[in-house]
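J.: Have a look at this prediction, sequence included:
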Amino acid sequence: MTERYVMSIDQGTTSTRCILFDHRGHLVSVAQREHKQHFPKPGWVEHDAVEIWRNLERIAPEALAQAGATPAQVAAVGIANQRETTVLWDRRTGTPIGRAIVWQDTRTDSLIEEMARADDAGIVAERSGLPLATYFSAPRIRWLLDHDPGLRERAERGEVLFGTMESWLIWNLTGGLDGGVHVTDVTNASRTLLMDLNSLAWDDDLLAFFGIPRAMMPEIRSSTETYGVARRVIPGVHIGAALGDQQAALFGQTCFAPGEAKCTYGTGGFLLMNTGNEPVRSSNGLLTTVGYKIAGEPAVYALEGSIAITGALVQWFRDGLGLISSAPEIETLARTVEDNGGCYIVPAFSGLFAPHWRSEARGVIVGLTSYITKGHLARAVLEATGWQTREVVDAMNRDSGLSLKELNVDGGMTADHLLMQLVADVLNVPVVRPMVIETVSLGAAYAAGLAVGYWADLEGLRRNWHRAARWVPSMDPQRRATEYDNWQRAVERTFDWIKPGNH
């Protein structure tokens with residue numbers, strides 16, 4: 001019998017990756033290509049959507065060739081994507097209108113300030129579950145419509161289409177100009193500021209608030225269902241799933257029950273907790289978002305906490321200070337001391353994200369004495385990730401009324417055993433790392449396989465999940481409380497550093 005696979009496309013911020021998984025969730029082959037980052041002005045970040053599509057045209061056949069497989073052996077393909085990045089393209093030519101505006105881009109700053117003063121600005125958070133911020137897609141769409149003469153009229157006539165990256169790729173895969181399907185899934189739609197969290201539909205009042213024509217918007221669909229059949233690149237393959245990358249990681253970590261959570265540790269940290277079938281409004285600085293939606297079932301919601309700087313602090317310790325020559329060395333250096341020696345580092349390099357949201361904050365090192373060595377600093381660097389995780393988890397527990405019992409982790413930083421032990425210690429719950437660390441790709445594959453019956457149900461996916469490592473808390477409760485109090489006082493020292501006009 002011929003082996004069948006599920007293909008996953010992870011369209012990320014710096015690269016696009018294509019992976020084939022087998023029925024046990026094992027990685028069979030992988031192909032990857034980076035794309036160029038464009039920085040035309042300070043605060044502007046752009047991608048070439050055509051370059052990203054061309055990369056996919058190359059890597060999907062590469063992944064198949066590595067496995068000695070044909071498109072006929074692919075049961076389905078799932079797509080995970082960088083979430084808020086915004087593409088507009090011409091329906092008749094298939095050509096993007098300028099470059100895609102990336103989620104990191106802050107050109108809509110002044111537009112956000114202006115909109116926040118509007119009398120009805122409160123409807124944004126009320127309906128979408130998200131704050132009015134440059135992070136999300138709607139202000140970018142509005143900016144493009146305002147800055148390209150004639151574009152709004154074309155959009156109103158339905159000649160211009162909007163999508164996040166998965167919409168752009170699905171439209172091209174399903175034929176583009178020749179019958180391309182224009183869809184998005186609920187997780188990506190929930191990051192635009194334009195979807196009502198309860199009805200899971202585009203909201204007329206939000207569209208009006210941002211001045212965005214409904215005719216350009218994709219159809220919102222479940223995260224797992226067949227959107228169409230590919231006619232290009234992987235002809236005949238069912239496109240069975242789309243999820244924003246962090247939601248895909250939640251799915252790949254099989255966090256299917258309320259209270260289950262995962263944290264992805266990379267440059268920053270993204271912590272998502274499953275909160276069940278009702279959206280939980282945060283009063284503690286977290287984002288309310290859709291976790292996933294299986295076709296025919298109610299949506300599953302999540303709370304999300306974003307930490308701006310985790311792995312980036314280790315990079316700074318290596319490149320900015322030159323105290324280590326490779327990232328893994330920080331664990332060895334930190335193990336030369338028993339504790340932080342009373343030293344704390346708060347990495348508010350460009351403000352603090354969840355749960356504080358203080359854009360004026362700047363980083364501090366506090367508690368310096370002549371006793372402090374580079375070993376103590378290395379330990380303080382790792383502890384910063386632990387304590388920032390604790391702040392987000394505390395906020396989640398308060399908002400949700402749930403209590404985190406265990407944290408699933410993934411991402412590059414999970415190779416640091418001391419850091420994972422520190423996270424377990426400060427949270428006072430076990431920390432678990434799975435065998436497959438490509439959880440974003442795996443989540444997209446799981447969702448697609450589920451849509452076509454390659455995997456029968458969520459329990460089957462849970463059985464595929466295997467633990468690679470587990471860290472159990474061992475810190476004295478009194479010490480944990482004292483250290484957390486010290487950390488919180490260190491965080492307060494970062495506030496109000498940048499004064500208006502004092503940049």
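T.: Perfect, thanks for sending it.

J.: so how far is stretch 122-133 from its chain's centroid?
T.: Relative to its chain's centre, stretch 122-133 lies at 19 Å (C-alpha atoms, centre = their mean, to the nearest Å).

J.: again but with stretch 410-418, I slipped
T.: The mean C-alpha position of stretch 410-418 is separated from the chain mean by 18 Å, C-alpha atoms, centre = their mean.

J.: contact partners of it?
T.: With contacts defined as C-beta atoms under 8 Å, 6 or more residues apart in numbering, stretch 410-418 is touched by 249, 252-253, 262-266, 269, 310-311, 314, 328, 330-331, 334-335, 382, 385, 419-420, 433-434, 437, 439, 469, 471. No exception for glycine: its C-beta is placed from N, CA and C like everyone else's.

J.: go on, stretch 61-76?
T.: 2-7, 18-20, 28-31, 226, 230, 233-241, 448-449, 451-452, 454.

J.: could you redo the last one with a cut-off of 6 Å?
T.: 2, 4-7, 18, 20, 28-29, 31, 234-238, 240, 448-449, 452, 454 (C-beta atoms under 6 Å, 6 or more residues apart in numbering).

J.: Please apply the same query to stretch 468-484.
T.: 420-421, 424-425, 428, 430-435.

J.: Likewise for stretch 197-208?
T.: For stretch 197-208, contacts defined as C-beta under 6 Å, 6+ apart pick out 123, 127, 129, 186, 194, 196, 214, 217, 279.

J.: Mind listing what's buried along it?
T.: For stretch 197-208, a neighbour-count test (16 or more other C-beta atoms under 10 Å) marks 197, 200, 202-203, 206-207 as buried.

J.: And stretch 140-157, by the same measure?
T.: 140-145, 151-152, 154-155.

J.: Relative to residue 293, which of those residues is nearest.
T.: Using C-beta to C-beta, residue 141 is the member of these that sits closest to residue 293, with 23.0 Å.

J.: Now do the strand or helix carrying that closest one, average pLDDT.
T.: Element membership of residue 141 [criterion: DSSP states H and E] is helix 137-147. When pLDDT is averaged along helix 137-147, the result is 95.

J.: Following the chain onward from it, which element is next?
T.: In N-to-C order, the element after helix 137-147 by DSSP H and E is helix 151-156.

J.: what's next to the helix or strand following that following helix, contact-wise?
T.: Downstream of helix 151-156, the first helix or strand assigned by DSSP H and E is strand 160-163. With C-beta under 6 Å, 6+ apart as the test, strand 160-163 has contacts from 87-89, 91, 141, 154, 182, 216, 218.

J.: Quick one: mean pLDDT over strand 160-163.
T.: Mean predicted confidence for strand 160-163 is 96.

J.: Repeat that for stretch 264-281.
T.: pLDDT averaged over stretch 264-281 gives 91.

J.: Distance from stretch 349-359 to the middle of the chain?
T.: 17 Å.

J.: Do a quick rundown of the helices in the stretch 301-450 of the chain.
T.: 311-315, 329-334, 374-400, 417-427, 439-451 (DSSP state H, counting those that start in this stretch).

J.: which helices and strands sit right next to the longest one?
T.: Right, the one you point to is helix 374-400. On a contact count with 3 or more C-beta pairs under 6 Å, 6 or more residues apart in numbering; DSSP states H and E, helix 374-400 meets strand 269-276, strand 300-307, helix 329-334, strand 344-346, helix 417-427.

J.: now with 8 Å?
T.: The contact analysis (3 or more C-beta pairs under 8 Å, 6 or more residues apart in numbering; DSSP states H and E) places helix 374-400 against strand 261-265, strand 269-276, strand 300-307, helix 311-315, helix 329-334, strand 344-346, helix 417-427, helix 477-492.
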